[in-house]
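>>> Structure of the sequence below:
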Amino acid sequence: MRRLAIPLALTLALSALTGPAQAADKVARTTECQGDWLPGTPTAEDVMQGEISLVGLPAYKFGKNVDWNASPYKNRSWEFVFHSLRWMGTLVVEYENTGEKRYLDRATDIAKDWAADNEYGARGTPAYVWTDHPTSLRTQPLLCLSRHVNESWLKQSLATHAKLLSNPKLYKKGHNHGIDQDIALMGIGCRYGRKDWSSLAVKRLTGTVKLDVDSQGALMEQAPRYAVYVYGRLQVAMTNMKACDLKVPSEIDRRAEAMKDFIAHSTMPNGYMVPIGDGSADTEPKMETGKPKQKVRNYRAGYVYGRTAWEKPESAYYSIRYGPGMKFHGHEDHLGVTYYAQGRDILVDGGFHSYEKSAYRYWTMSPEAHNVPIVAGAKFRPRTGSKIVKTSYGDDRQAFRLTDKAYGVSRTRSVLVNHGEDVMAVLDTASGGKKVSNIWRFAPSLKVVSESGGKVVLGDGKFKVTLLQFSSCDKVGGQKVQRGGKLGWVSPTYLSKQATNVVVSPAAKSLLTVIVPGTDSPKVSCSGGKVTVDGVSFSAGIV
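Numbers count the residues shown, from 1 in each chain. Next up, the predicted model:
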């Protein structure tokens, strides 16, 4: 790999540093160090003791001399965070907070050692060290350090970072990584008076935000939990612009504000975000979003969210996926649904396990890990988009019809959700006389109570939920229930894998699935094109 040539003028441009480190009792707190960019772990004392815990994995002892090729868990996320050096930055912050120079000395030693052992393009430097995200995230702790350390190696390293961050070939436009690249480049530009860098960062950021956040405030990366991250990063970007006397583009401000509604709608009544795409079920927004006006929202980015009421944990809640084909942090979950009712998860997605290149990771992204219809005997076509073709809104009931050609023929799903008397009904069909089957993944706490004659009952203590299936009003039996095995898994949190019950239907020309929470004996009838569930009636054709 060829080394990056840093022009002399570029290096000299970074020489406008503040004076030498201040005395311990007069250490100033700087904006570069006093942000919210630091991770929760490790603490400064952990780092001083030579021990770091990253991405929730066990602590790693790195000792006095850091092995920068270390990968104790063979985990890509761990490696990226290790080389982000944010854990080093905790020491500089502690120095500012306490005035104890030992923290600054150790931070300087770590950063200097990193720079010497990971020179861009040098033999032995892992390629991922200088990819877009570690490079951008590493800039913050190095800038923080630069407020107290005036040494040529640090200026040279920041010059290299700026050169890469401004390279259009390495820029991740329309992605949260691009936002981090812009924040980093802006930080270096503002720190050293390089208006060309800061202006480029603002210009690029405006374009990236328009691609990554649509006019409705929906994140286009296909994992709602990333909306919280992007919203937070945009707040940092706008704050930094103001501090650098740069004008905040109105488009960034508007779209960031609109994201609050999207985050609110993406949050279930239990306070956790619906785990769609690369999203864990333990993600809490922990931000003030306000209460949206609507209880139901259809986002063109590919999400339908609905609930019975706001601010009530027992409210029913559902999500439906459609829209552009899979990209970024999305999964092959189109036409898939999740369902929450009576204060608990009913239907869940396969979840997010990790970013590791493993067979299980790729399975969690597949259609089989989601509550979707499958066309029998047809080959799945990845990254196929889908659309909503019909909707019906009411205060107590909503219905939607979606379609795509992910299996080469039109597959259509109609979804109805009734509130008050909680019922979800789903009708699946395919064109060309093809048969469809479907998959229903229930929350891990729900165990099978009984299954016969097209009726499956699952329960958790006194709580029961019933699944029934029909084809042209005839009961459909022969469902297969798996717990574990090939399909019966869910990953509610990072690197977790739990067995759960999955109900797989037989194939039929049409499949009407009825989910009734809170009972093991609903009164259900289907005749004359009308279905009645405990007194709630609707068309067998749904919508």
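>>> Report the secondary structure state of Val448.
State at Val448, reduced to three classes by DSSP: H, G, I helix; E, B strand; the rest coil: strand.
>>> Can you name the residues bridging to it?
Beta bridges link Val448 to Leu458, judged by DSSP bridges.
>>> Got the confidence number for it?
Val448 is assigned a pLDDT of 96 by the prediction.
>>> And for Phe352, nearest residue in space, chain neighbours not counted?
Spatial nearest neighbour of Phe352, chain neighbours left out: Asp278 (4.7 Å); criterion: C-beta to C-beta, 6 or more residues apart in numbering. Any C-beta I mention is one placed from the backbone N, CA and C, and that applies to glycine too.
>>> Please apply the same query to Met287.
Distances taken as C-beta to C-beta, 6+ apart put Val228 closest to Met287, at 6.7 Å, once the chain neighbours are dropped.
>>> The one you found: which element?
For Val228, the element it lies in under DSSP states H and E is helix 225-243.
>>> all helices of the stretch 301-450 of the chain, in order?
359-364 (DSSP state H, counting those that start in this stretch).
>>> got the residue ranges for the strands in it?
Shown for the stretch 301-450 of the chain, the strands assigned by DSSP state E, counting those that start in this stretch span residues 303-307, 317-321, 337-341, 344-347, 373-375, 386-393, 397-404, 411-418, 423-430, 436-441, 447-452.
>>> if we can go back for a sec, for Ser410, see how far away the residue nearest to Met287 is.
Distance, Val228 to Ser410, by C-beta to C-beta, to the nearest Å: 36 Å.
>>> And those two? Which one has more around it.
Taking other C-beta atoms under 10 Å, Val228 and Ser410 do not tie; Val228 has more neighbours (22 against 15).
>>> before we move on, the earlier item: what about dumping the CA coordinates of the helix holding Val228 to CSV?
Output of helix 225-243 as CSV, limited to C-alpha atoms (Å, rounded to 0.1, in the frame of the first residue of the first chain):
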residue,chain,number,x,y,z
ARG,A,225,-32.5,2.6,16.1
TYR,A,226,-29.9,4.4,14.0
ALA,A,227,-32.2,7.4,13.9
VAL,A,228,-31.3,8.1,17.5
TYR,A,229,-27.6,8.0,16.6
VAL,A,230,-28.0,10.2,13.6
TYR,A,231,-30.2,12.7,15.5
GLY,A,232,-27.6,13.0,18.2
ARG,A,233,-24.7,13.4,15.7
LEU,A,234,-26.6,16.1,13.9
GLN,A,235,-27.1,18.0,17.2
VAL,A,236,-23.3,17.8,17.6
ALA,A,237,-22.7,19.0,14.0
MET,A,238,-25.0,22.0,14.4
THR,A,239,-23.5,22.9,17.8
ASN,A,240,-20.0,22.7,16.3
MET,A,241,-21.0,24.9,13.3
LYS,A,242,-22.3,27.6,15.6
ALA,A,243,-19.1,27.4,17.7
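>>> Pull out the buried positions in it.
Within helix 225-243, the residues that count as buried by 16 or more other C-beta atoms under 10 Å are 225-234, 236-238, 240-241.
>>> what's the closest of those residues to Met186?
Asn240 (5.9 Å; C-beta to C-beta).
>>> Leaving out the residues flanking it, which one is nearest to the closest one?
Leaving out its chain neighbours, the residue that sits closest to Asn240 by C-beta to C-beta, 6+ apart is Met186, at 5.9 Å.
>>> next helix or strand past the helix or strand of the chain with the lowest mean pLDDT?
Lowest on mean pLDDT, DSSP states H and E among the helices and strands of the chain sits helix 8-12, with a mean of 36. Later in the chain than helix 8-12, the nearest helix or strand by DSSP H and E is helix 44-48.
>>> same question for that next one, mean pLDDT?
Rounded mean pLDDT across helix 44-48 is 96.
>>> who touches the helix or strand that that helix is followed by?
Moving toward the C-terminus from helix 44-48, the next helix or strand (DSSP H and E) is strand 51-52. With contacts defined as C-beta atoms under 8 Å, 6 or more residues apart in numbering, strand 51-52 is touched by Thr41, Pro42, Asp46, Ala59, Tyr60, Lys61, Phe62, Phe82, Trp87.
>>> end-to-end on stretch 286-297?
Taking C-alpha to C-alpha, to the nearest Å, stretch 286-297 runs 21 Å from one end to the other.
>>> now stretch 277-287
In stretch 277-287, first residue to last residue: 21 Å (C-alpha to C-alpha).
>>> What mean pLDDT does that stretch get?
The pLDDT scores in stretch 277-287 average 94.
>>> what does that stretch contact?
Stretch 277-287 is contacted from outside by 221-226, 228, 231-232, 260, 263-264, 267, 271-273, 275, 329-331, 333, 345, 348, 351-352, 355, 491-494, using C-beta under 8 Å, 6+ apart.
>>> Likewise for stretch 368-376?
By C-beta under 8 Å, 6+ apart, stretch 368-376 touches 321, 331-338, 347, 349-351, 363, 367, 380, 407-409, 411, 413, 428, 430, 434-441, 487, 489, 507, 511.
>>> Confirm that Val531 sits in a strand.
Yes: assessed with three-state DSSP, Val531 lies in a strand.
>>> Report the contact partners of the residue lying closest to it once chain neighbours are set aside.
With sequence-adjacent residues excluded and distances taken as C-beta to C-beta, 6+ apart, Val531 is closest to Ala540, at 5.2 Å. The neighbourhood of Ala540, defined by C-beta under 8 Å, 6+ apart, consists of Leu427, Phe470, Ser472, Cys473, Leu512, Cys526, Gly529, Lys530, Val531.
>>> Could I get these in a markdown table, plus columns for pLDDT, neighbour count and distance to Asn150?
Below are the contacts of Ala540 laid out as a markdown table (pLDDT from 0 to 100; neighbours: other C-beta atoms under 10 Å; distance: C-beta to C-beta, whole Å):
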| residue | pLDDT | neighbour count | distance to Asn150 |
| --- | --- | --- | --- |
| Leu427 | 98 | 25 | 69 |
| Phe470 | 96 | 21 | 75 |
| Ser472 | 92 | 12 | 79 |
| Cys473 | 92 | 15 | 80 |
| Leu512 | 97 | 24 | 72 |
| Cys526 | 93 | 19 | 78 |
| Gly529 | 90 | 10 | 80 |
| Lys530 | 94 | 13 | 79 |
| Val531 | 95 | 25 | 75 |
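>>> Please convert the residues you listed to JSON lines, extending it with distance to Gly193.
Shown next, in JSON lines, are the contacts of Ala540 (distance: C-beta to C-beta, whole Å):
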{"residue": "Leu427", "distance to Gly193": "63"}
{"residue": "Phe470", "distance to Gly193": "71"}
{"residue": "Ser472", "distance to Gly193": "74"}
{"residue": "Cys473", "distance to Gly193": "75"}
{"residue": "Leu512", "distance to Gly193": "67"}
{"residue": "Cys526", "distance to Gly193": "73"}
{"residue": "Gly529", "distance to Gly193": "73"}
{"residue": "Lys530", "distance to Gly193": "73"}
{"residue": "Val531", "distance to Gly193": "70"}
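>>> and of the residues you listed, the nearest to Thr31?
Of all these, Leu427 has the smallest distance to Thr31: 56.3 Å, by C-beta to C-beta.
>>> before we move on, back to that, restricted to buried residues, select the contacts of strand 51-52 in ChimeraX.
Of these, the buried ones go into a single ChimeraX selection, burial set by 16+ other C-beta under 10 Å:
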select :42,60,62,82,87
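>>> Return the closest of the contacts of strand 51-52 with respect to Ala309.
The closest of the contacts of strand 51-52, once distances to Ala309 are taken by C-beta to C-beta, is Thr41, at 37.2 Å.
>>> Apart from its chain neighbours, what residue comes closest to Met238?
In space, and not counting its chain neighbours, Met238 is closest to Val248: 4.9 Å by C-beta to C-beta, 6+ apart.
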